[in-house]
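In: Provided below for reference: sequence and predicted model.
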Amino acid sequence: MPPPAASPRFKSARTVAMWSAADDELLADLLLEARARGEPFASPRDAFWEAAAARLRNPRRDVRSRGAKKDAKKCYARLNKNFKPDLANIEFLREGLGVKWNEDRKMLNASPERWEQILELDGKHQRFCDTPWPLYDKIKLLYSEDDAMNVNAPSEKSGDESTTPAIRPLQ
């Protein structure tokens, strides 16, 4: 009797890349190095992503990766579906809602009452209440002022800071 087929509703651990803090740190470092060299990484077809995936798969690394193989497409998605939205949400909470950043703990700092108010407005910020984001400085630097992908870039039409669109959390 053949083994039962996997349910299409659930992805197996082999199809989903599982990212550790060390994987995230390495990817952020590789992105900063590429930016410093002027190497493009705006498209998943850029050579940078294959090189980054190869570095993440390196068996000599101290940290073993879990889940599916981290290929160029998964590395690119990690930047655009995790790093970039997390930065946008933290910037929105800091600048739009006045939540303070604790540099020592690398996390947002607000009173429980303030978090209650924020979560009533939008519950998706729940994970930022008590979770540090140690990559903040690196990702912020990655999207600094002259970068075309900057989440806080002034409007190109006027070049005037006063017309900068409000920072909104990415969906």
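Out: Yep, that arrived. Numbering: from 1, shown residues only.
In: list the buried ones in the longest helix seen in the chain?
Out: Longest helix of the chain, by residue count under DSSP state H: helix 21-37. By neighbour count on 16 or more other Cβ atoms under 10 Å, the buried set for helix 21-37 is 23-24, 26-28, 30-31, 34-35. For glycine as for every other residue, the C-beta is placed from the backbone atoms N, C-alpha and C.
In: Nearest to P132 among these?
Out: For the buried residues of helix 21-37, the closest approach to P132 (Cβ to Cβ) belongs to D24, at 12.1 Å.
In: how about that closest one, what does it touch?
Out: D24 makes contact with 78, 83, 135, according to Cβ atoms under 8 Å, 6 or more residues apart in numbering.
In: show me where the chain has strands.
Out: Secondary structure of the chain by DSSP state E: the strands cover 17-18, 66-67, 100-102, 107-109.
In: do you know which of those lies nearest R45?
Out: Ranking the strands of the chain by proximity to R45 (Cβ to Cβ) places strand 17-18 first, at 18.7 Å.
In: Report all helices and strands that the closest one contacts.
Out: For strand 17-18, the elements it packs on are strand 66-67, judged by 3 or more Cβ pairs under 8 Å, 6 or more residues apart in numbering; DSSP states H and E.
In: helices or strands next to the strand it packs on in the packing?
Out: Packing partners of strand 66-67 (3+ Cβ pairs under 8 Å, 6+ apart): strand 17-18.
In: Name the residues that touch stretch 95-112?
Out: Contact with stretch 95-112 is made by 90, 93-94, 114, 118, 128-134, 136, 166-168, as judged by Cβ under 8 Å, 6+ apart.
In: Tell me how many other residues crowd the closest residue to E25 other than its chain neighbours.
Out: Excluding the flanking residues, the one nearest E25 by Cβ to Cβ, 6 or more residues apart in numbering is L135, at 6.9 Å. L135 has 20 neighbouring residues, counting by other Cβ atoms under 10 Å.
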